[in-house]
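1. would you be able to build a 3D model of this:
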Amino acid sequence: MIRLLIVDDHLVVREGLQLILGMEADLEVAGEAADGETAVQLAAELRPDVILMDLRMPGMGGLAAIEQILQQHPEMAIVILTTYNEDELMIRGLQAGARGFLLKDTGRDTLFHTIRAAARGETLLQPELLARVLAHTTPDAPAASPPETASPLTDRELEVLTAVARGDRNKEIALALGVTERTIKAHLTNVYNKLGVDSRAAAVSVAIQQGIITQ
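-> Purely as a prediction, here's the structure:
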């Protein structure tokens, strides 16, 4: 059973998600919060497996809540609930450690797949949202290192990270490369260490910003 905490200041969003998630036998809504401060408290009390986190809320917003929750409970999976006008906050949320992001009008299948992937420690990155992150990277951002030292990743690590950016799971990447899932996990650990992140989504976000991978 995957226990969830829904955090959104709109009652209709929380009720709608509860109704949809309640239809799945392996998903249980353990609680809900209308602001970041309550989310931090309930995360400590309820210890959910996955938190669906809105970014714009009164009082403590989603970004601050993500940072506080992951400082106290780094094992928790947080998935950002976003709209199309929150690109900057979305990127900052990924850098803070969120494992992925969902549009509030996303389809059920994508919602379920993303939650289950997050609970497994994986991330399903929606291509249309990844494209927006890429588009949000400004041309006048700090220049990357010279081409010969631009990427700190090995060719295989870059291959694995590119597959992650497409939304491939560890099993799918391992099958495509002819290696074990344990090897893929080892490559991802090296990627995290080199990029200074601790999640798949943050690794993709940083790699895009640094020009290591492109759309």
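
2. please count neighbours and contacts with C-alpha atoms only from this point.
-> Will do.

3. next up, the contacts around L46.
-> 30-31 (C-alpha atoms under 8 Å, 6 or more residues apart in numbering).

4. distance of it relative to A30?
-> Distance of L46 to A30, computed by C-alpha to C-alpha, to the nearest Å: 7 Å.

5. where in this structure is pLDDT low?
-> Within the chain, the stretches with pLDDT under 70 are 84-86, 123-151, 215.

6. all helices for it, in order.
-> With helices called from DSSP state H, the chain shows them at 11-21, 36-46, 62-72, 87-96, 108-119, 127-136, 155-165, 170-177, 181-195, 200-209.

7. please identify the most buried of the ones you listed.
-> With neighbours taken as mean count of other C-alpha atoms under 10 Å, those reach their highest mean count in helix 200-209, at a mean of 24.

8. angle of it against helix 87-96?
-> Interaxial angle, helix 200-209 versus helix 87-96 (axes from the mean of the first three to the mean of the last three C-alpha atoms, to 10 degrees): 120 degrees.

9. what's the domain layout of the protein?
-> For the chain, automatic domain parsing gives the domain ranges 2-135, 142-209.

10. so how many other residues sit close to D35?
-> 23 (other C-alpha atoms under 10 Å).

11. who's in contact with it?
-> 7-9, 57-62.

12. identify the farthest-apart pair in the residues you listed.
-> Farthest pair in the contacts of D35 (C-alpha to C-alpha) is V7 and G59. Separation: 13.0 Å.
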